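> give me a 3D structure for the following:
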Amino acid sequence: MGDKQRDLKPVRAAVVSKASASSDIADFVKQVGALARPSAGQQARILFALDATMSRQPTWDLACKLQGEMFEAIPNNNALAIQLQYFRGFGECRASKWVVNAQTLARLMCSIDCRGGETQIGKVFAHARSEHAKQRIQAMIFVGDALEENVDRLAEKAGQLGLLGLPLFIFQEGHDTRVEAAFREFARLTKGAYARFDASAPQELAQLLKAVAAFASGGRDLLKLQKSASAHALLEQLR
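Residues are numbered from 1 along each chain as shown. Below you'll find the predicted structure:
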C-alpha cells in the first residue's frame, strides 16, 4: 500500500446504511464457516482484542455488555476459552489470562477504562503469534476504528498469522475507507473475514461475536442450535 495509507488518523463512529451492514455481515458469515474447529468436547480458544483508546469508550462499554454472547453460543459438551487483549495510552498493551466464563471476562473488561493514545495493532498481532505457538487459537477477533501504524509492516505480520492458520475476524466501527482497506487486507491475508458494524445497533455486533464463537466450537450444526431470529438469519446466509 502507498505512503498515503501509512498514517491513518482515528475516526469517530459513523452510522452506516442497514443494507451495507447486512451485506458485510452476510459476507462475514460465509467466510467464517471455513474456520478450523476442534472436535466435540474439546476447548476452542478465541483471542478477543480491542482498541481501548479514547475514541473507543462507547464501544468498549458495548462490548462489556455483549461479550457473554460468545459463551452462550457454546453448548455444555464444548468449552470456550477467551483471552482479552487491549491497547491504550502511551504504549500500554496488555493481555489477560485465559478465562472460561462470561462473568470473569466481564469483570476484567469493566475494570478497564479507555485512554488516549495511538493504535498498537502490531503488538496485537505479535502477541497472537506467540500465544498460537503455545496452543492453537481457533479464531482471533479485533474490534477497532483506526489505524496509525505502517500498513505494510502490519500486513507482513498478518501474513505470518495466515501461514500459521490463525484467522483474523476484524470488525470496524465507523466508515473510514482507508482503515477499511487495511482491515480487509489483514482479514484476507489470514483467511479470516471483515465486517463493519454500527454501534447504534448493538445486536449486529452481538450476532458477529456469537457467530465466531459458534463456528470456532462446532460450525454450522452449532449455529443451528441458536434460537434467536438473528441466528437463524445468519444460518440462512450460509447456504
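
> okay, helices next: where are they in the chain?
Applying DSSP state H to the chain gives helices spanning 18-32, 57-66, 68-72, 102-110, 121-134, 151-163, 177-189, 202-217, 219-224, 229-238.

> can you say which of the ones you listed is packed in most?
Scoring the helices of the chain by mean neighbour count under mean count of other Cβ atoms under 10 Å gives helix 202-217 as the most buried, with a mean of 25. Yep, even glycine has a C-beta here, placed from its N, CA and C like the rest.

> quick check, distance from that one to the centre of its chain.
In terms of Cα atoms, centre = their mean, to the nearest Å, the centre of helix 202-217 is set 9 Å apart from its chain centre.

> can you show me the CA trace of it as CSV?
C-alpha atoms of helix 202-217 as CSV (Å, rounded to 0.1, in the frame of the first residue of the first chain):
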residue,chain,number,x,y,z
PRO,A,202,-25.7,-3.4,19.2
GLN,A,203,-27.3,-6.6,18.0
GLU,A,204,-25.2,-6.6,14.9
LEU,A,205,-22.0,-6.9,17.0
ALA,A,206,-23.7,-9.5,19.2
GLN,A,207,-24.5,-11.6,16.1
LEU,A,208,-21.0,-11.4,14.9
LEU,A,209,-19.4,-12.4,18.2
LYS,A,210,-21.8,-15.3,18.6
ALA,A,211,-21.1,-16.4,15.0
VAL,A,212,-17.3,-16.6,15.7
ALA,A,213,-17.8,-18.5,18.9
ALA,A,214,-20.3,-20.9,17.4
PHE,A,215,-18.2,-21.7,14.4
ALA,A,216,-15.0,-21.9,16.4
SER,A,217,-16.5,-24.6,18.5
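
> residue contacts, residue 82?
By Cβ atoms under 8 Å, 6 or more residues apart in numbering, the contact set of residue 82 is 45, 46, 47, 48, 67, 70, 71, 98, 99, 100, 105.

> okay, and the beta partners of it?
Under the criterion DSSP bridges, residue 82 forms beta bridges with residue 46, residue 99.

> any low-confidence regions in this protein?
Low-confidence segments of the chain, defined by pLDDT under 70: 1-42, 75-78, 218-239.

> can you turn the buried part of the contacts of residue 82 into a PyMOL selection?
Of the contacts of residue 82, the buried ones can be selected in PyMOL as follows, counting by 16 or more other Cβ atoms under 10 Å:
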select buried, resi 45+46+47+48+67+70+71+98+99+105
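
> and of the helices of the chain, who's closest to residue 142?
helix 121-134 (6.5 Å; Cβ to Cβ).

> which outside residues touch the closest one?
Residues outside helix 121-134 that contact it (Cβ under 8 Å, 6+ apart) are 47, 49, 83, 85, 87, 93, 95, 137, 140, 142, 144, 147, 149, 153-154, 157-158, 160-161, 164, 166, 168.

> ok, now how distant is the residue most central in space within the chain from residue 116?
In the chain, the residue lying closest to the centroid (Cα atoms, centre = their mean) is residue 141, at 2.2 Å. Residue 141 is 23 Å from residue 116, where distance means Cβ to Cβ, to the nearest Å.
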